[in-house]
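In: sequence first, predicted model second:
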Amino acid sequence: MKKIFFLIFAYCAFSTSVAHCGSAEELNNAVFYSNRGVSKAQARNYEGAIADYEKAISFNPNDAGVYYNRGIAKAKMNDYKGAIVDYTKAISINPNDADAYSARGAVKNGLGDDAGAMEDWNKAISVDPNSGEAYYNRGRIKFMLHDQKGALQDLEIAKNIFWAQKSQSRYEQTVKVINMYSAR
């Protein structure tokens, strides 16, 4: 979430056109509500986070990061359709946001839309070949679809990405899944 805020701030602060972000006061308000929403989400106050994200959007409706963050909060509250709408809006604003594709894929997978999930994870990987989460999730769904070889290939890639990113817990979790799938 910190990455999203920084990208939003950097984009607006260094944009050659203030029209992308509105007036300085609107930008300040959008950033304030977005930051407060992130804080509330970190405190697991998802309703409060969603309310703040909505305020941020009212000041800057072109901020993909706020839609992405609101999608996360909605998913945490089991509003999966609302989360998909927000991830889709984030993608329409920033079609190169691998995290939004990956998150939308996870929600689609949870709703039983395996084809839609696979499509989103494929897109996330094409946008960011270092998206360990997308490879991990795609590997798990491939296994569920009885493609053990493809699943293990994706999981090996995810494992290597997590190792390179020094994400020890994700690396260890992926190794466990690889071992479990290899034993079958």
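Out: Good, I have the coordinates. Residues are numbered from 1 along each chain as shown.
In: ok, Glu119 - how many residues close by?
Out: 15 (other Cβ atoms under 10 Å). C-beta: built from backbone N, CA, C; applies to glycine.
In: tell me which element it falls in.
Out: Here Glu119 sits within helix 114-127, counting by DSSP states H and E.
In: same check on Lys142?
Out: Using DSSP H and E, Lys142 sits in helix 132-144.
In: and the protein, what are its domains?
Out: 1-95, 113-184 (automatic domain parsing).
In: follow-up on the earlier one: taking helix 114-127 as reference, get the angle to the helix holding Lys142.
Out: Per axes from the mean of the first three to the mean of the last three Cα atoms, to 10 degrees, the angle that helix 132-144 makes with helix 114-127 is 140 degrees.
In: need the mean per-residue confidence for helix 132-144.
Out: Averaging pLDDT along helix 132-144 gives 96.
In: continuing past it, what's the next helix or strand?
Out: Later in the chain than helix 132-144, the nearest helix or strand by DSSP H and E is helix 148-164.
In: that older thread, who are the packing partners of the helix holding Glu119?
Out: Judged by 3 or more Cβ pairs under 8 Å, 6 or more residues apart in numbering; DSSP states H and E, helix 114-127 is in contact with helix 98-110, helix 132-144.
In: buried sites along the first one?
Out: Think helix 98-110. For helix 98-110, burial by neighbour count (16 or more other Cβ atoms under 10 Å) applies to Ala98, Asp99, Ala100, Tyr101, Ser102, Ala103, Arg104, Gly105, Ala106, Val107, Lys108, Asn109.
In: once you drop chain neighbours, what's closest to the third one?
Out: Okay, so that is Ala100. Nearest non-adjacent residue to Ala100, counting by Cβ to Cβ, 6 or more residues apart in numbering: Ala90, 4.4 Å away.
In: follow-up on the earlier one: make TSV out of the helices and strands packed on helix 114-127 and add distance to Ala64.
Out: Listed next are the helices and strands packed on helix 114-127 as TSV, based on distance: least, Cβ to Cβ, whole Å:
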stretch	distance to Ala64
helix 98-110	7
helix 132-144	18
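In: where does this structure dip in pLDDT?
Out: For the chain, the stretches with pLDDT under 70 are 1-24, 26-27.
In: in a markdown table: the buried residues of helix 98-110, plus distance to Gly116.
Out: Output for these, formatted as a markdown table (distance: Cβ to Cβ, whole Å):
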| residue | distance to Gly116 |
| --- | --- |
| Ala98 | 16 |
| Asp99 | 17 |
| Ala100 | 14 |
| Tyr101 | 11 |
| Ser102 | 13 |
| Ala103 | 13 |
| Arg104 | 8 |
| Gly105 | 7 |
| Ala106 | 11 |
| Val107 | 9 |
| Lys108 | 4 |
| Asn109 | 8 |
